[in-house]
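Asker: predicted structure and sequence below. I'll ask about it afterward.
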Amino acid sequence: MSFTFTNQNIKEVAEKLWSIHSDKKIWAFYAPMGAGKTTFIKTLCEDVLQSKDIISSPTFAIINEYESVVEGKIFHMDWYRLEDEDEAIQTGVEEVLMSGHLCLVEWPEKAPMLLSEDTLFLEIDILSETERVIFEKK
């Protein structure tokens, strides 16, 4: 199943994905630089999960923590700067993934062995300057 979106309908797509996959505690977002991973996560957290916090890219912090009216604690991780699984473990990523809280991961390919089988693997592809497609990666 795939969903095409622009900035005008990104909220509806985030709502659909959440309604289908709200049981998943780890969401891994694969996409090239500039495809909109953070934008999609921001929309999901703010508009769907009603986060009380300002959503921003955790590129330098690696892990941001948010409070959500719908989901409680949410962890937003950006693994772009990580070298490998060992560095991820040293930064506390593995512990966060096992917390039972919703974890939204950008650049999961940096430490793929840390992701469990029940992770929701999503890919965002760029269709045009304004249009993206998101689908479950098999």
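Answerer: Perfect, I can see it now.

Asker: residue contacts, residue 69?
Answerer: 49-52 (CB atoms under 8 Å, 6 or more residues apart in numbering). The C-beta positions use only the backbone N, C-alpha and C, and glycine is treated the same way.

Asker: what's the lowest-pLDDT member of those residues?
Answerer: Among the contacts of residue 69, residue 52 carries the weakest pLDDT, at 86.

Asker: tally of neighbours for it?
Answerer: By the measure other CB atoms under 10 Å, the count of residues near residue 52 is 10.

Asker: gap between stretch 69-83 and the chain center?
Answerer: Centroid displacement of stretch 69-83 relative to its chain, using CA atoms, centre = their mean, to the nearest Å, is 7 Å.

Asker: then it to PDB, C-alphas only?
Answerer: Taking Å, rounded to 0.1, in the frame of the first residue of the first chain, the C-alpha atoms of stretch 69-83 are listed here in PDB:
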ATOM      1  CA  VAL A  69      -1.800  13.500  24.100                       C
ATOM      2  CA  VAL A  70      -2.500  10.400  22.000                       C
ATOM      3  CA  GLU A  71       0.600   8.300  22.500                       C
ATOM      4  CA  GLY A  72       2.400   9.500  25.700                       C
ATOM      5  CA  LYS A  73       6.100   9.500  25.200                       C
ATOM      6  CA  ILE A  74       7.500   9.600  21.700                       C
ATOM      7  CA  PHE A  75      11.200   9.200  20.700                       C
ATOM      8  CA  HIS A  76      12.300  10.800  17.400                       C
ATOM      9  CA  MET A  77      15.800   9.600  16.400                       C
ATOM     10  CA  ASP A  78      18.100  10.700  13.600                       C
ATOM     11  CA  TRP A  79      20.900   8.200  13.000                       C
ATOM     12  CA  TYR A  80      22.500  10.100  10.100                       C
ATOM     13  CA  ARG A  81      25.600  11.000  12.200                       C
ATOM     14  CA  LEU A  82      26.100   7.500  13.600                       C
ATOM     15  CA  GLU A  83      28.900   5.400  12.200                       C
END
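
Asker: pull out the buried positions in that stretch.
Answerer: Neighbour counts over stretch 69-83 (16 or more other CB atoms under 10 Å) mark 71, 74-80, 82 as buried.
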